[in-house]
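Novice: Next input, structure requested:
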Amino acid sequence: MLLKSVQALLIAALLVPAAKAGGDETVFLSPAYGNRVLKDIIEVPTKPFHWDKTDWTIAGSVIGATGLAFIADRAIADYYRNGDHRSGFLTSLSDVTTHFGDYKMQVPLIMGIWVTGLATDDKTMKKIAGDATEASLIAAGVINPAIVYLTGRALPCDNMDPYKFEPFTPRKYSFPSGHTTAAFALATVLDQNLRSHYGYWQTPILFAMASGTAVSRVYDQTHYISDVIFGAGVGWAVGYWVSNKPRSTGDSNKSDKPTVQLFPSLSGMTAMIKF
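Specialist: The predicted model follows:
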């Protein structure tokens, strides 16, 4: 139910016309936010054409590491398939860390950050909520499904050849890992936005949680190690891009045009019109 509410809020934000003047793209569900998300989604396919040397080096490293991991995919999957290599502690730990990459943890966390930002009028919290939602939407909701459909790799638990790819085949969604993609997208957004205030103390904590998600997917035999490595790369790249992309903050005081903002309420949604 909560996930559907968040989806409804995001869809509503995308449908609200962006303010022509004074729109603040950094604020989650502001009039300009929906327009920003749509523009970024449209921009995704052309991003590689604008990468610099550093970007290509990072992309090459992720692809290279993924390629090397393919060699170990079968062996690692067989290792964890053996009951002797599993334990109650690791299973319990996996049950916790895996949720950092799905809505069960991400939705309440993002909504909590947003509500905190509204209550305290904290621009950083509002920006984090917007960045995290967009990064998850693009990384795990657009890029990941597209690659999954193009590769058609079966999950380890299906006991099929890990090196067999059947593009455009339904129910083959192993490569890359969606949970890992979402986890690293969220961790990167939080880290990038908090650095200006707190430095780097949160960096190891956030990426330890994201890495825990990746490990849990391999441990639970829901993904191969190459799946999580590539997913981590996609999540980090999108999270970094969304968090650091220059945004228009506008100047609402100079705009005499009405704007509309949406807020959750007990009855569903409340619209606030500013004149």
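Novice: where do the helices sit along the stretch 151-275 of the chain?
Specialist: Secondary structure of the stretch 151-275 of the chain, counting by DSSP state H, counting those that start in this stretch: helices at 178-198, 203-219, 225-244.
Novice: buried set for the first one?
Specialist: Applying a neighbour-count criterion of 16 or more other CB atoms under 10 Å, one finds 178-194 buried in helix 178-198. Placement of C-beta: from N, CA and C, glycine included.
Novice: just the shortest one next, same as before
Specialist: By neighbour count, and taking 16+ other CB under 10 Å as the criterion, the buried residues in helix 203-219 are 203, 206-207, 209-219.
Novice: Can you check what angle separates that helix from helix 178-198?
Specialist: For helix 203-219 against helix 178-198, the angle by axes from the mean of the first three to the mean of the last three CA atoms, to 10 degrees is 170 degrees.
Novice: average model confidence for helix 203-219?
Specialist: Averaged over helix 203-219, pLDDT sits at 92.
Novice: where does the protein have low pLDDT?
Specialist: For the chain, the stretches with pLDDT under 70 are 1-22, 250-275.
Novice: what's the longest helix in it?
Specialist: The longest helix of the chain (DSSP state H) is helix 53-81.
Novice: Just the angle for that helix relative to helix 225-244, thanks.
Specialist: Helix 53-81 and helix 225-244 are oriented at 140 degrees to each other (the same axes, to 10 degrees).
Novice: Could you pull up phi and psi at the nearest residue to residue 154 once chain neighbours are set aside?
Specialist: Once flanking residues are discounted, residue 154 sits nearest to residue 160: 4.1 Å by CB to CB, 6 or more residues apart in numbering. Phi and psi for residue 160, reported as degrees, to the nearest 10, are phi -110, psi 170.
Novice: isn't residue 160 right up against residue 169?
Specialist: No: contact criterion CB atoms under 8 Å: residue 160 and residue 169 do not qualify, at 11.1 Å.
Novice: helix or strand for residue 41, which one?
Specialist: Taking DSSP states H and E as the criterion, the element that holds residue 41 is helix 31-43.
Novice: buried stuff in that helix?
Specialist: 31, 32, 33, 34, 35, 36, 37, 40, 41.
Novice: Now do the third one against residue 132, distance only.
Specialist: Taking CB to CB, to the nearest Å as the measure, residue 33 falls 12 Å from residue 132.
Novice: For residue 165, which of the helices of the stretch 151-275 of the chain is the nearest?
Specialist: Proximity to residue 165 (CB to CB) singles out helix 225-244 among these, at 11.6 Å.
Novice: Just the buried positions in the closest one, please.
Specialist: Buried residues in helix 225-244, counted by 16+ other CB under 10 Å: 225-243.
Novice: Report how many residues lie close to residue 166.
Specialist: Using other CB atoms under 10 Å, residue 166 has 12 neighbouring residues.
Novice: Contacts only, for it.
Specialist: By CB atoms under 8 Å, 6 or more residues apart in numbering, the contact set of residue 166 is 152, 153, 154, 172.
Novice: 10 Å instead?
Specialist: Contacts for residue 166 (CB atoms under 10 Å, 6 or more residues apart in numbering) come out as 151, 152, 153, 154, 160, 172.
Novice: gap between it and residue 81?
Specialist: According to CB to CB, residue 166 stands 22 Å off from residue 81.
Novice: do the same with residue 175
Specialist: Remark: distance between residue 175 and residue 81 (CB to CB) = 18 Å.
Novice: With neighbour numbers in mind, choose between these two.
Specialist: Regarding residue 175 and residue 81, a neighbour count based on other CB under 10 Å identifies residue 175 as having more, with 26 against 13.
Novice: Now do the contacts for that one.
Specialist: Applying CB under 10 Å, 6+ apart to residue 175 gives the contacts 66, 70, 73, 144, 147-148, 150-155, 162, 165, 223-224, 226-228, 230-231.
Novice: Please apply the same query to residue 50.
Specialist: Counting by CB under 10 Å, 6+ apart, residue 50 makes contact with residue 43.
Novice: from now on call the first residue 5
Specialist: Right, with 5 as the first residue, what we last looked at is residue 54.
Novice: how much space between it and residue 248?
Specialist: For residue 54, the distance to residue 248 equals 14 Å [CB to CB].
Novice: And residue 152, by the same measure?
Specialist: From residue 152 over to residue 248 the distance is 27 Å, taken as CB to CB.
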